[in-house]
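*Asks:* Take this sequence and fold it.
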Amino acid sequence: MALVVMSYWSTCSLGCNLPQTHHLRNKDILTILKQMRRLSPLSCLKDRKDFAFPLENVTAQQIQKAQAIPVLQELTQQVLILFSSKDSSAAWETTLLDTFCTGLHQQLKDLQACLMQQVGVQEAPLSQEDSLVAVRKYFHRITVYLREKKHSPCAWEVVRAEVWRALSSSAELLARLSEEKDHSHSQFICAAPVLVQEHCFAVVIHGLWILQSFCSLFYNDARSQEVSPLFSAP
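*Replies:* Residues are numbered from 1 along each chain as shown. Model (predicted):
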């Protein structure tokens, strides 16, 4: 009975559980990134560019949490690489930049630990691989843009605003996925007693059928032994 419940649970599981501090740290990172602004966005309107963030229109219904975690890990890793570069160090206030990168490091640890929990999850589907490639291409476009703009203050301001939008969208997606996972677990907990009851009923019926077949076979064998002397040779 317990095996039936555990099997159903592992089949319906949506992945791992990120600590609550991960969601809180997401808010802190976004706040710090906003504080890092040095120029008014209005002064950099001529440098604006659409980098085509690949997860912008992705909803919680289109992706499972187990598939989203590797993509979010790649996104966080790319942001950390971007803001850990030598050119980035010259563009931002040191204390804020260090705090921002430290927060990203911790987020990466959470996501990596989360991936380690997904022991029973199948290998990455093609759609997930496509998403990982799309994220890398997205940051490649950002890197090329900065190089073309010679890492100017306005170029970094455009990138800062773009990364803030990307991290904000990703945090919202992860929050929605976590809410849906909790809802799915609640539905399972409510349905589990019914599943177990139906399973037990099926086992009892099957057992009675086996017992009936055994008794019928035993009864027929006994009768054949009783009547056999009447037909034996004198």
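*Asks:* Ser170: neighbour count?
*Replies:* Using other Cβ atoms under 10 Å, the number of residues around Ser170 comes to 22. Using the backbone N, CA and C atoms, a C-beta is placed for each residue, glycine as well.
*Asks:* so it makes contact with Phe53?
*Replies:* No. Contact criterion Cβ atoms under 8 Å: Ser170 and Phe53 do not qualify, at 9.2 Å.
*Asks:* Correct me if wrong: Leu72 contacts Leu111.
*Replies:* Yes. With contact defined as Cβ under 8 Å, Leu72 counts as touching Leu111 (6.1 Å).
*Asks:* out of the two, which sits in the more crowded spot?
*Replies:* Leu72 (25 against 22).
*Asks:* Which helix or which strand is home to that one?
*Replies:* Assigned by DSSP states H and E, Leu72 falls within helix 65-83.
*Asks:* Report all helices and strands that that helix contacts.
*Replies:* Judged by 3 or more Cβ pairs under 8 Å, 6 or more residues apart in numbering; DSSP states H and E, helix 65-83 is in contact with helix 94-117, helix 126-148, helix 153-227.
*Asks:* That helix to helix 94-117, inter-axis angle?
*Replies:* Counting by axes from the mean of the first three to the mean of the last three Cα atoms, to 10 degrees, helix 65-83 lies at 150 degrees to helix 94-117.
*Asks:* Okay, buried residues for helix 65-83 please.
*Replies:* Residues 65-80, 82-83 are the ones in helix 65-83 that count as buried (16 or more other Cβ atoms under 10 Å).
*Asks:* dump the residue contacts of the residue nearest to Phe53 when sequence neighbours are not counted.
*Replies:* Leaving aside its chain neighbours, Phe53 sits nearest to Ala166 (5.1 Å; criterion: Cβ to Cβ, 6 or more residues apart in numbering). By Cβ atoms under 8 Å, 6 or more residues apart in numbering, the residues touching Ala166 are 53, 55, 75, 79, 138.
*Asks:* Throw those residues into a markdown table and include pLDDT and distance to Cys16, thanks.
*Replies:* Below are the contacts of Ala166 laid out as a markdown table (pLDDT from 0 to 100; distance: Cβ to Cβ, whole Å):
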| residue | pLDDT | distance to Cys16 |
| --- | --- | --- |
| Phe53 | 94 | 25 |
| Leu55 | 86 | 19 |
| Leu75 | 96 | 17 |
| Val79 | 98 | 21 |
| Tyr138 | 97 | 25 |
